[in-house]
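Student: Take this sequence and fold it.
(chains A and B)
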Number of protein chains: 2
Amino acid sequence: MKKPIGIFDSGVGGLTVYRAIRSAFPEEDLIYFGDTARVPYGPKSPNTIIEYSVQNARFLLQQGIKTMIVACNTSSSVAIPYLRQLTDIPIIGVIDPGSEVAVRSSVSGKIGVIGTEGTVRSEAYSKAIKLHKPEAQVFSKACPLFVPLVEEGWQDHAVAKHVVRDYLFSMLELDIDTLVLGCTHYPLLSHVIQDYMGNSVKLVDSADAITLHLRSLLPPEHDGRPGKDNFYVSDNEDKFASIGGRILNNPMRNLRRVRLFESWFID
Amino acid sequence: MKKPIGIFDSGVGGLTVYRAIRSAFPEEDLIYFGDTARVPYGPKSPNTIIEYSVQNARFLLQQGIKTMIVACNTSSSVAIPYLRQLTDIPIIGVIDPGSEVAVRSSVSGKIGVIGTEGTVRSEAYSKAIKLHKPEAQVFSKACPLFVPLVEEGWQDHAVAKHVVRDYLFSMLELDIDTLVLGCTHYPLLSHVIQDYMGNSVKLVDSADAITLHLRSLLPPEHDGRPGKDNFYVSDNEDKFASIGGRILNNPMRNLRRVRLFESWFID
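Tutor: Prediction:
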């Protein structure tokens, strides 16, 4: 019996990673979990992001996965060491693969990183990039409105251009040659970002980076049976199916809601 | 011993309600709960909003409150009947008071309502307004980007004007004379909204409406002792204190974090 690969994200954005993995590994069984009841993670505190990530990971581990992909950049930037304490299976976040691709892509060593507040505050990309290339110059910028813009479906709207310009005009002057899209939602804005930054800047998409990494790690399944797709969300199945179907270019099947048992207590 | 008034919201926006109540009831003890670990509620499903609201209400009830204010429009629009099952104390949402003020304010009977997806989808304002004035015409519009704009502190930014124009240009043509700000964050954008809609349109702010309602319900405390302020949040105390302090025009004291006990299960 095949064991599945588990993937989690704070919401629908990680489906850009799912799509890339599905296309590179057509015979793998995949399980996706999107925490749509508590999205977004970006503005939340490290402790809360770690708690949520541990809960999501426990759920995927209960499904008997063989590898875990943390598709959420915010989770990847703070929670991976805590997830490693839960299990011995390989856990792959988006930060390391994205940083490796960025370092390989950059000639000048001037690399931009955009992400949520949580990701930028953690400096995870900056540290990972400098591990591979200590002389690199890394310029980071949090872009908190990009996620709600994408969730609103406004990626082709004039407001998207306006917001991209406002967040990135300082990046333009820094003469970077590579820009890491450090949030799984951002590839859905990549045409606007590329237009604004110009073609001399190479955009690095976590989804491609993680797929390359996974290929080096995992002997691919070849049993002639197409891989199964399984999706779980904590809220809003219909909205997830609608946005997700567009990202995957396919109607979503095998989508179920997972619920939380919870109660408040004073810390 | 005075019993406190409890107020909850999905995050920091309900402090516009808190501020109005504090100013009208200087001797009342107040307890505020902001669910910053799971904000925003607007895009989430009715079931999830009800679950979260019930948990928040239980927490406030444990603190021995005498009245509960649901400062969150999204919660008010779907969760109040479920909260009433938990207790016999008065529970006041923002929908009814806001609707009453709107009906009194409107001469033409053409009333606009803006709010989150959850609030608009529920049609709660439309139903409440027509209860008071069956011949009223109510035009609703969800404005999902207003909350992240305010959370980002961009209420005076050119992007805010751009987004306001995009959401409200269809409202302009409808010749309304009253516009309900059906989300506690929106009063922080009221200058931009008023500029765009023009001075012939009266804006209705939930905070004022709920204070009027509370005054008719509650014999005010007069014991000569200033009321105590107590704030609880589920995440990000520092960010809450910083944005909240600006809303209240005072540094925040007595702010504590409340945590959740939770684990996933498949529904």
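Student: what residues are up against residue A:77?
Tutor: By C-beta atoms under 8 Å, 6 or more residues apart in numbering or on different chains, the residues touching residue A:77 are A:93, A:95, A:115, A:118-119, A:122, A:124-125. The C-beta positions use only the backbone N, C-alpha and C, and glycine is treated the same way.
Student: Tell me the most packed of those residues, by neighbour count.
Tutor: When the contacts of residue A:77 are compared by neighbour count (other C-beta atoms under 10 Å in any protein chain shown), residue A:115 ends up highest, at 31 neighbours.
Student: just checking, residue A:220 touches residue A:28?
Tutor: Yes. Between residue A:220 and residue A:28 there is a contact under C-beta atoms under 8 Å: 7.2 Å.
Student: out of these two, which sits in the more crowded spot?
Tutor: Neighbour comparison, residue A:220 and residue A:28: the larger count goes to residue A:28, with 21 against 11 (by other C-beta under 10 Å).
Student: on that earlier part again, turn the contacts of residue A:77 into TSV, including distance to chain B.
Tutor: Shown next, in TSV, are these (distance: C-beta to the nearest C-beta, whole Å):
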residue	distance to chain B
A:93	20
A:95	22
A:115	15
A:118	10
A:119	16
A:122	15
A:124	19
A:125	21
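Student: can you put the residues you listed in a markdown table and add secondary structure and pLDDT?
Tutor: Shown next, in a markdown table, are these (DSSP: H, G, I helix; E, B strand; the rest coil; pLDDT from 0 to 100):
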| residue | secondary structure | pLDDT |
| --- | --- | --- |
| A:93 | strand | 96 |
| A:95 | helix | 96 |
| A:115 | strand | 96 |
| A:118 | helix | 91 |
| A:119 | helix | 94 |
| A:122 | helix | 94 |
| A:124 | helix | 96 |
| A:125 | helix | 97 |
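Student: The stretch 101-250 of chain A against chain B: which residues are in contact?
Tutor: In this structure, the stretch 101-250 of chain A approaches chain B at residues A:144-145, A:147-149, A:151-152, A:154, A:157-159, A:162-163, A:166, A:232, A:234-236, A:239, judged by C-beta under 8 Å from any C-beta of the partner chain.
Student: The contacts of residue A:77 into TSV, with extra columns for distance to residue B:225?
Tutor: Shown next, in TSV, are these (distance: C-beta to C-beta, whole Å):
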residue	distance to residue B:225
A:93	53
A:95	53
A:115	48
A:118	42
A:119	47
A:122	45
A:124	49
A:125	53
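Student: which one of those is nearest residue B:258?
Tutor: Distance to residue B:258, by C-beta to C-beta, is smallest for residue A:118 among these, at 20.4 Å.
Student: for the stretch 151-267 of chain A, which spans come out with low pLDDT?
Tutor: Applying pLDDT under 70 to the stretch 151-267 of chain A picks out residues A:260-267.
Student: Would you map the helices across it?
Tutor: Applying DSSP state H, counting those that start in this stretch to the stretch 151-267 of chain A gives helices spanning A:158-172, A:190-197, A:206-217, A:237-248.
Student: Send me stretch A:62-72 as CSV with only the CA atoms.
Tutor: Presented in CSV, the C-alpha positions along stretch A:62-72 are these (Å, rounded to 0.1, in the frame of the first residue of the first chain):
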residue,chain,number,x,y,z
GLN,A,62,-2.9,10.5,11.9
GLN,A,63,-3.5,9.9,8.2
GLY,A,64,-0.3,7.8,8.0
ILE,A,65,1.7,10.1,5.7
LYS,A,66,5.3,9.3,4.7
THR,A,67,6.5,12.9,4.2
MET,A,68,5.1,16.3,5.3
ILE,A,69,5.2,19.5,3.2
VAL,A,70,4.7,22.7,5.1
ALA,A,71,3.3,24.8,2.2
CYS,A,72,2.7,27.8,4.4
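Student: coming back round to it: looking at the helices of the stretch 151-267 of chain A, which is nearest to residue A:46?
Tutor: So among the helices of the stretch 151-267 of chain A, helix A:206-217 is nearest, using C-beta to C-beta, at 19.8 Å.
Student: What are the buried residues along that closest one?
Tutor: Across helix A:206-217, burial judged by 16 or more other C-beta atoms under 10 Å in any protein chain shown covers A:206-211, A:213-214.
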